[in-house]
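Chemist: need a structure here:
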Amino acid sequence: MSPVSEFRPRTGSIPAQRGPDASEIVETVEPARPVEDQPATPARRLPGVLYAVLLYATLRAAALVTLAAFAAADPRHFALRQLLTRYDAIWYARIAEHGYDQAVPLGADGAPWVTNLAFFPLYPGLVALVKLLLPVHVSTAELLVSWSAGLAAAAGLYALGAHLKDRRTGILLAGLWAVLPHGLVESMGYSETLFTALTAWSLLAVLRRQWLTAAVLCVAAGLTRPTAAALIAAVALAALVAVCRRPGEWRAWCALVLAPLGLLGFLAWVGVRLGRFDGYFYVQNEAWKMRFDGGPYTVRKMGTLMTTPLPLSVAVTTAVLAGAVLLLVIGIGEKLPWPLLVYSGVTLLLVIGGEGYYPSKARLLLPAFPLLLPVAYAIGRSRNRTVPFVVLAGLTALSALYGVYLCLVWKFSP
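Modeler: Presented below is the predicted three-dimensional model:
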């Protein structure tokens, strides 16, 4: 078994070589036609990754145009940039401009108060760098980083989908990720796009056995969001399997050691900053009231949906959680490469097991993009060429309108 095929589902008796687009896969099982016999279609003139990035950008732009139109009609006269740089974006902007708190602030009653020590440093660090290099406001710098990372994430999703199956799957995967219910966050001054880009390329490197690349990207992801623990689990476990099979694979040994350093390094830094080894968990548990209880809080909240009138955001979050669990089961049935299943499963466990601010759980699942692969596969199997357009158009409309709700109706962080 080749290193590449180890992480790939078996789709037939004839192995196809991995390539950037479907035409290369076809050429492994069919004689190549003379150049003059091959049609000069647009798909041959432009690389698939460009289509994926353009599709992603177009769908996100459609959502932003919709939001801008509704905001213009709103009597409160919100500017688009203002809507996209609220809530967590404000915390990131303060870190980029003023750095981290020296200690956990205390409220009037002496209890720990919210602090920016809960936010990881890579995203605000990049924002500070852009602000240093360009004469822009910090909120504009946030959007530049987020939007650029979104394009990089779309490229990574395309590369992953094309690696696993074909070019069409990669393009669909990037498009589907753009129109998730909380797709609005991908256009806000949040760190989700950066984390998704790092994770997509890191997991692709794992499947290609590019251990050092996977490890370096995993370190960067560990400096971006706490849910990097799921990526660390996938990268480290894959590297451990590799060294068990080939003890002389030094690159896999390096990946095994390096993968957790980003996350552990920031946790250690917060601990030193606060003078206590559990400093980060103290911030999360006591200041932000965000704990890990294993799931009872989430189950209770989902149950109240059946007995109590609740906001739309709670209903959508519940639907996203239920859909994510279903897609994970379907992904197992589709025999997705096990590192992707490990990453998705641990991410889902961390989100469901978290206690505190239930409506954010759908947003926290944005980086769990492997769960979209069964959907991309299903659309790709359809012989009706209008299916991808109808599905993406419908999801774009729903995502755009829900983004309007999150910005103009919902009064809290998405």
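
Chemist: going forward, measure contacts and count neighbours with C-alpha atoms only.
Modeler: OK.

Chemist: ok, the closest residue to residue 120 other than its chain neighbours - how many residues close by?
Modeler: Nearest non-adjacent residue to residue 120, counting by CA to CA, 6 or more residues apart in numbering: residue 224, 5.2 Å away. By other CA atoms under 10 Å, the residues close to residue 224 number 26.

Chemist: again, but for residue 222
Modeler: 31.

Chemist: rewinding a little: separation between the residue nearest to residue 120 and residue 122?
Modeler: Remark: distance between residue 224 and residue 122 (CA to CA, to the nearest Å) = 5 Å.

Chemist: got it, and residue 51?
Modeler: Distance of residue 51 to residue 122, computed by CA to CA: 29 Å.

Chemist: any idea which residue sits dead centre in this structure?
Modeler: The centre of the chain sits closest to residue 367, judged by CA atoms, centre = their mean, with a distance of 2.1 Å.

Chemist: didn't that one look like it was pressed against residue 191?
Modeler: No - distance between residue 367 and residue 191: 10.3 Å, which falls outside the contact criterion (CA atoms under 8 Å).

Chemist: can you pull out the strands in the stretch 151-300 of the chain?
Modeler: Using DSSP state E, counting those that start in this stretch, the strands of the stretch 151-300 of the chain run over residues 291-292.

Chemist: Spell out the residue ranges of the helices in it.
Modeler: Using DSSP state H, counting those that start in this stretch, the helices of the stretch 151-300 of the chain run over residues 167-178, 192-207, 211-222, 228-245, 250-258, 261-274, 279-282, 296-304.

Chemist: And these: which comes nearest residue 58?
Modeler: Closest of the helices of the stretch 151-300 of the chain to residue 58 is helix 167-178, at 9.2 Å (criterion: CA to CA).

Chemist: which strands and helices sit next to that closest one?
Modeler: Judged by 3 or more CA pairs under 8 Å, 6 or more residues apart in numbering; DSSP states H and E, helix 167-178 is in contact with helix 48-73, helix 138-164, helix 373-381, helix 387-408.

Chemist: which other helices and strands contact the second one?
Modeler: Using 3+ CA pairs under 8 Å, 6+ apart as the contact criterion, the secondary-structure elements in contact with helix 138-164 are helix 48-73, helix 80-84, helix 88-98, helix 122-133, helix 167-178, helix 192-207.

Chemist: mind putting the ones you listed in a markdown table, distance to residue 313, mean neighbour count and mean pLDDT included?
Modeler: Formatted as a markdown table, those follow (distance: least, CA to CA, whole Å; neighbours: other CA atoms under 10 Å; pLDDT from 0 to 100):
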| stretch | distance to residue 313 | mean neighbour count | mean pLDDT |
| --- | --- | --- | --- |
| helix 48-73 | 17 | 19 | 96 |
| helix 80-84 | 17 | 16 | 95 |
| helix 88-98 | 17 | 19 | 97 |
| helix 122-133 | 26 | 20 | 97 |
| helix 167-178 | 19 | 28 | 97 |
| helix 192-207 | 19 | 26 | 98 |
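
Chemist: okay, those in CSV with distance to residue 251 next?
Modeler: Formatted as CSV, those follow (distance: least, CA to CA, whole Å):
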stretch, distance to residue 251
helix 48-73, 28
helix 80-84, 41
helix 88-98, 34
helix 122-133, 25
helix 167-178, 28
helix 192-207, 11
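
Chemist: Can you check which of those helices gets nearest to residue 388?
Modeler: Among these, the nearest to residue 388 by CA to CA is helix 167-178 (7.8 Å).

Chemist: Contacts for stretch 240-247 next, please.
Modeler: The contact list for stretch 240-247 (CA atoms under 8 Å, 6 or more residues apart in numbering) reads 249, 250, 252, 253, 256.

Chemist: contacting residues for the second one?
Modeler: Okay, so that is residue 250. Counted by CA under 8 Å, 6+ apart, residue 250 has contacts residue 243.

Chemist: Distance-wise, check it relative to residue 201.
Modeler: Going from residue 250 to residue 201 by CA to CA gives 21 Å.

Chemist: before we move on, what about the last one?
Modeler: The spacing between residue 256 and residue 201, counted by CA to CA, is 17 Å.

Chemist: again with the fourth one
Modeler: As for residue 253, its distance to residue 201 is 19 Å (criterion: CA to CA).

Chemist: same thing with the first one?
Modeler: From residue 249 across to residue 201, the span is 21 Å (CA to CA).

Chemist: What does residue 166 show for phi and psi?
Modeler: Main-chain torsions, residue 166, degrees, to the nearest 10: phi -160, psi 180.

Chemist: count of residues packed around it?
Modeler: Residue 166: 25 neighbours (other CA under 10 Å).

Chemist: again with residue 155
Modeler: 26.

Chemist: model confidence over stretch 331-351, on average?
Modeler: Mean pLDDT, computed over stretch 331-351, is 97.

Chemist: same question, stretch 285-304
Modeler: The model assigns stretch 285-304 a mean pLDDT of 91.

Chemist: Quick check: buried residues in it?
Modeler: 285, 286, 287, 288, 289, 290, 291, 292, 297, 298, 302 (16 or more other CA atoms under 10 Å).

Chemist: Those residues into CSV, with extra columns for distance to residue 185?
Modeler: Converted to CSV, these look like this (distance: CA to CA, whole Å):
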residue, distance to residue 185
285, 25
286, 26
287, 24
288, 21
289, 22
290, 20
291, 23
292, 23
297, 24
298, 22
302, 23
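
Chemist: Out of the residues you listed, flag the one nearest to residue 379.
Modeler: Looking across the buried residues of stretch 285-304 and measuring by CA to CA, the closest to residue 379 is residue 302, at 29.4 Å.

Chemist: give the contact list for that closest one.
Modeler: residue 318.

Chemist: how close does it sit to residue 414?
Modeler: In terms of CA to CA, residue 302 sits 18 Å off from residue 414.

Chemist: And residue 62, by the same measure?
Modeler: Taken as CA to CA, the span from residue 62 to residue 414 is 19 Å.

Chemist: what's the answer for residue 361, then?
Modeler: For residue 361, the distance to residue 414 - CA to CA - is 9 Å.

Chemist: follow-up on the earlier one: make CSV out of the helices of the stretch 151-300 of the chain and add distance to residue 76.
Modeler: Output for the helices of the stretch 151-300 of the chain, formatted as CSV (distance: least, CA to CA, whole Å):
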stretch, distance to residue 76
helix 167-178, 28
helix 192-207, 28
helix 211-222, 37
helix 228-245, 38
helix 250-258, 49
helix 261-274, 39
helix 279-282, 38
helix 296-304, 32
